[in-house]
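Engineer: here's a sequence, model it:
(one chain, ligands or ions: 1)
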Amino acid sequence: MDWPFSLKSRRRSISRQAVIRLAISLGLFVIALSYTSALLYKMALNKAAHERAADLVAFYQFRLTQLERDWELQTRDFKTRIEFTRYLEDPQTDSINLRAFFTIQGGGARFYQFLVLDKNGQTRFAMRKDGQFSNPLKQNQSNGWYREPSTGKLYRVFLEPIWMGNSGVGKMLAFFPVDNALLYQLASPGVILIARYQNESVASSLGSEGLKHHTVKSETIERRELPWTNELEAPKLEIEAPVKTIFSTLELSIGAGMIPFVDALILWFALGTWLMLQTRRIKALGGAVAEFSQHQEVTSSLKQNIRQAQAGNVDEIHDVAVAIESLAQQTVEQRLQHVREEEQIRLWSSVFQSSAESIIITDRDNKIVAVNPAFQRRTGYLQEEVLGQNPRMLSCGREQPEFYAAMWQSIKANGFWQGEIWDSDKAGTSHPYLMTISSVHDDAGEITHYVGYYTDISERMRSDEELKQHRDHLEELVAGRTLALEDANQKLTLQSNLLISREADLHRAQAVAKLGSWRLDVSNNSLYWSDETYRIFGLPTDVRMNYELFLLAVHEDDKMQVDQAWQAALQGKPYDIEHRIVVAGKIKWVREQAELMFDEKGNLLDGIGTVQDITEKKQMEEEVRQLAFYDSLTKLPNRRLLDDRLGQAMDASKRSDCYGALMFLDLDNFKPLNDTYGHALGDLLLIEAAERLISCVREIDTVARFGGDEFVVMLSNLDADKAKSTSQATIIAEKIRSALANPYFLIFKHRNEPEKTVQHHCTVSIGVTLFMHSETPESILKKADMAMFQAKETGRNNIHHYDELS
Ligand SMILES: Nc1nc2c(ncn2[C@@H]2O[C@H](COP(=O)(O)OP(=O)(O)OP(=O)(O)O)[C@@H](O)[C@H]2O)c(=O)[nH]1
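Structural biologist: So this is what the prediction gives:
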């Protein structure tokens, strides 16, 4: 198995893991065992120490009892000797004699101090080991213990009554010191003795230093206390034996309980869990193998088992899991590959067997090894008859050796050859074939086989021949038709040229007439404009037009009218309309006419129309109108238009029953101005007078020039009351008279002379008449004229009403 490098580097084998875990377990077990052994050893030591301490107590009980007994016996022995002497009876006996006597008796060597008291308790004799007698130890003359206050030393005191002859019964007191020396003598090796009297250390087997000793920790010694005697005030003997302590009792008890538990825990964690995990992984491996053997597929369940087995360390189980997965995948892939190969072989086999083409396979020596059924049908040879033969056997001898040499050269050089060849069948009949020969190579590139495909082309050659004949016939036909077509083409070209020239003529004619045309194609909702139409609308000819774009060019005020006319035309009404368009900010007038075609159901099929630029015509019409109805100098309505307006005013008066007023005006002394400065200056005054007249009246009123220096002002729709109407007319007439009487400043230039301003005073005579619908225009004008004449007569610059004439 070829492991990925990364896996190798992380690899931790099960044996290594097991060794590590066992080593850890063993180490921990040894530690636990050592601890247990230490505990047991400590228990044994403790037990031995207890036993030894008990032995020591027993021993010292014995030793103390013995000591007490010795001391008592020594005291009694000494008393016996004193009773046999008579020295104490004789008061004359001095202390020197007595000391000599006791020295002989050896008392000084036995006691630290020896006292003889008489019956009154008076010291008769005292003797001490250090020879001091001046200050003997005293006590309350009884058996027991005495602690000397000055030195703090403790003594065991024995009292014995003694016969003192004439003096009666006295006492003998013997003092045995309980001091360091005594305890040192009593102590065994490794044992420390301390005497305590009334809770105070008074002597130690270690000497004076021992009294202060606290160097040994309490837990490292076994300490026992022993009463010296049964007396209450007796000192106590403290016996100390050192013990080697390893663990305390608490540790001992906790340790004893914990060790098995910890051991179990270690085993569980170190081995149990690990073993359980490995077992689970191995089980997953088993599951994966079982899964694969059952389904023979890499199922999701198998993958899950493999993942489970791979979980944890990269170890042998992991290796096996990877190997199983890889093996399963390879097996599945191999099986698929095998199936594919089998299918391919089956396919090739069926192709080989069922091919309509003849196939022949030879080995590298060009010996036939297989032929397909088509070959057998074509040649009439059975496979057994041709196996091992050279395909040369099929040659009909038509091809030359050079042909075959070239064929083999091509096969060697290119791996294949294709060409036409004639072969004969078993019956000896020759047939033409299209043949392809390919060489087959092994993995090393060596030729192993040759495969030849034969396609019988007899039929094709026959049809080729027929085709050739047919083609020749067709070519003849085409040649004939071509001539006819060329002739027709020439005619067409002539007609086309004629058409082009006519179209050019049409364009020219349209341009001259300023008459464009358009055509509506309903099928694609397109509007085709002639060049002249584009020119009229001021648009480049490459703009693709439609109805909406056309409407954009129509003057804002005419849009509705145009659209209504077009909608009406779509309903079958004639389309002939004049309207304005706006081209580059300028207004143009066009006339549009159209003819629309509909089907039986009334659906629009197509339409054709003309657009004529009638701007000039409109302008001329306007000029004519101006000339017909307006005065060319002052631009005021002329007499003809005045007549018309007067007629309208009379009609209005008929409807409203209100009066109108007509004023006839004639400038006073106008002629001299003409005579002095010429007609041109007179014209300027007439223009100025006309403007002043317009400024004096309402828009609905009419100011007209009647001729020469005569003007007419017509006020319409004044009032139903005559007096009120007269008053209103008078006010306006007065306003006019006053306005025209203001001086005129006329700028005058005569030929090459410099410009000069002429000031002129001019008045006006006004004749006024009211009118209603009952009169004729002529009579109204006549009345006003008569009134004006009267105004002139009365000195000019006057207003005169017709009514005042009578
Ligand atoms: N400049 C000029 N003069 C005109 C025009 N038409 C008429 N006239 C002159 O106007 C004058 C009219 O004269 P009248 O009204 O008869 O005489 P007048 O001087 O105004 O005297 P009264 O009307 O009586 O006050 C004539 O001399 C005409 O030649 C015109 O279009 N231009």
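Engineer: can you map out the strands along the stretch 651-800 of the chain?
Structural biologist: Ranges of strands within the stretch 651-800 of the chain are 660-667, 702-707, 710-715, 744-748, 756-760, 764-771, 799-801, based on DSSP state E, counting those that start in this stretch.
Engineer: which of these is buried the deepest?
Structural biologist: Of those, the one with the most neighbours on average (mean count of other C-beta atoms under 10 Å) is strand 764-771, at a mean of 26. C-beta here means a position set from N, CA and C on the backbone, and glycine is covered the same way.
Engineer: and that strand, what does it pack against?
Structural biologist: Helices and strands touching strand 764-771, by 3 or more C-beta pairs under 8 Å, 6 or more residues apart in numbering; DSSP states H and E, are helix 639-656, strand 660-667, helix 722-741, helix 777-793, strand 799-801.
Engineer: mean neighbour count, these: which tops it?
Structural biologist: Most buried of the helices and strands packed on strand 764-771, by mean neighbour count (mean count of other C-beta under 10 Å): strand 660-667, with a mean of 25.
Engineer: who does it pair up with?
Structural biologist: strand 710-715 (antiparallel), strand 764-771 (antiparallel) (DSSP bridges).
Engineer: returning to that earlier point: and residue 461, which of the strands of the stretch 651-800 of the chain is closest to it?
Structural biologist: Closest to residue 461 of these is strand 702-707 (C-beta to C-beta; 108.0 Å).
Engineer: now do the helix or strand hosting residue 349: distance to the chain's middle.
Structural biologist: Using DSSP states H and E, the element containing residue 349 is helix 316-354. Centre-to-centre, helix 316-354 and its host chain are 43 Å apart (C-alpha atoms, centre = their mean, to the nearest Å).
Engineer: so which bits of that helix are buried?
Structural biologist: Within helix 316-354, the residues that count as buried by 16 or more other C-beta atoms under 10 Å are 317-322, 324-325, 328, 352.
Engineer: picking that back up, dump the helices and strands packed on strand 764-771 into JSON lines; add mean pLDDT and distance to residue 309 as well.
Structural biologist: Shown next, in JSON lines, are these (pLDDT from 0 to 100; distance: least, C-beta to C-beta, whole Å):
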{"stretch": "helix 639-656", "mean pLDDT": "93", "distance to residue 309": "117"}
{"stretch": "strand 660-667", "mean pLDDT": "96", "distance to residue 309": "123"}
{"stretch": "helix 722-741", "mean pLDDT": "96", "distance to residue 309": "123"}
{"stretch": "helix 777-793", "mean pLDDT": "95", "distance to residue 309": "128"}
{"stretch": "strand 799-801", "mean pLDDT": "95", "distance to residue 309": "133"}
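Engineer: got a markdown table for the ones you listed, with distance to the ligand too?
Structural biologist: Below are these laid out as a markdown table (distance: least, C-beta to the nearest ligand atom, whole Å):
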| stretch | distance to the ligand |
| --- | --- |
| helix 639-656 | 13 |
| strand 660-667 | 5 |
| helix 722-741 | 13 |
| helix 777-793 | 6 |
| strand 799-801 | 14 |
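Engineer: and the ones you listed: which comes nearest residue 606?
Structural biologist: Closest approach to residue 606 among these (C-beta to C-beta): helix 639-656, 46.5 Å.
Engineer: against which helices or strands is the closest one packed?
Structural biologist: Counting by 3+ C-beta pairs under 8 Å, 6+ apart, the elements that helix 639-656 packs against turn out to be helix 615-629, strand 660-667, strand 702-707, strand 710-715, strand 764-771, helix 777-793.
Engineer: how does it look with 7 Å?
Structural biologist: Counting contacts by 3 or more C-beta pairs under 7 Å, 6 or more residues apart in numbering; DSSP states H and E, helix 639-656 packs against helix 615-629, strand 702-707, strand 710-715, helix 777-793.
Engineer: distance from the chain centre to the longest one, please.
Structural biologist: Just to be clear, that refers to helix 777-793. Put simply, helix 777-793 sits 100 Å off its chain's centre (C-alpha atoms, centre = their mean).
Engineer: that helix packs against which elements?
Structural biologist: Helices and strands touching helix 777-793, by 3+ C-beta pairs under 7 Å, 6+ apart, are helix 639-656, strand 660-667, strand 764-771, strand 799-801.
Engineer: rerun at 10 Å
Structural biologist: Applying 3 or more C-beta pairs under 10 Å, 6 or more residues apart in numbering; DSSP states H and E, one finds that helix 777-793 contacts helix 639-656, strand 660-667, strand 702-707, strand 710-715, strand 764-771, strand 799-801.
Engineer: so which of the buried residues of helix 316-354 comes closest to residue 81?
Structural biologist: Nearest to residue 81 out of the buried residues of helix 316-354 is residue 317 (C-beta to C-beta; 103.0 Å).
Engineer: residues touching the closest residue to that closest one other than its chain neighbours, list them.
Structural biologist: In space, and not counting its chain neighbours, residue 317 is closest to residue 281: 4.8 Å by C-beta to C-beta, 6 or more residues apart in numbering. Contacts for residue 281 (C-beta atoms under 10 Å, 6 or more residues apart in numbering) come out as 14, 305, 308-313, 315, 317-318, 320-321.
Engineer: one step back: and the strands of the stretch 651-800 of the chain: which comes nearest residue 448?
Structural biologist: Residue 448 sits nearest to strand 702-707 of all the strands of the stretch 651-800 of the chain, at 122.7 Å, using C-beta to C-beta.
Engineer: hmm, back to that, dump the helices and strands packed on strand 764-771 to CSV, plus distance to residue 559.
Structural biologist: Shown next, in CSV, are the helices and strands packed on strand 764-771 (distance: least, C-beta to C-beta, whole Å):
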stretch, distance to residue 559
helix 639-656, 31
strand 660-667, 39
helix 722-741, 41
helix 777-793, 41
strand 799-801, 50
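Engineer: starting at the chain centroid, how far to the longest helix anywhere in the chain?
Structural biologist: As assigned by DSSP state H, the longest helix anywhere in the chain is helix 14-83. Distance of helix 14-83 from the chain centroid (C-alpha atoms, centre = their mean) equals 81 Å.
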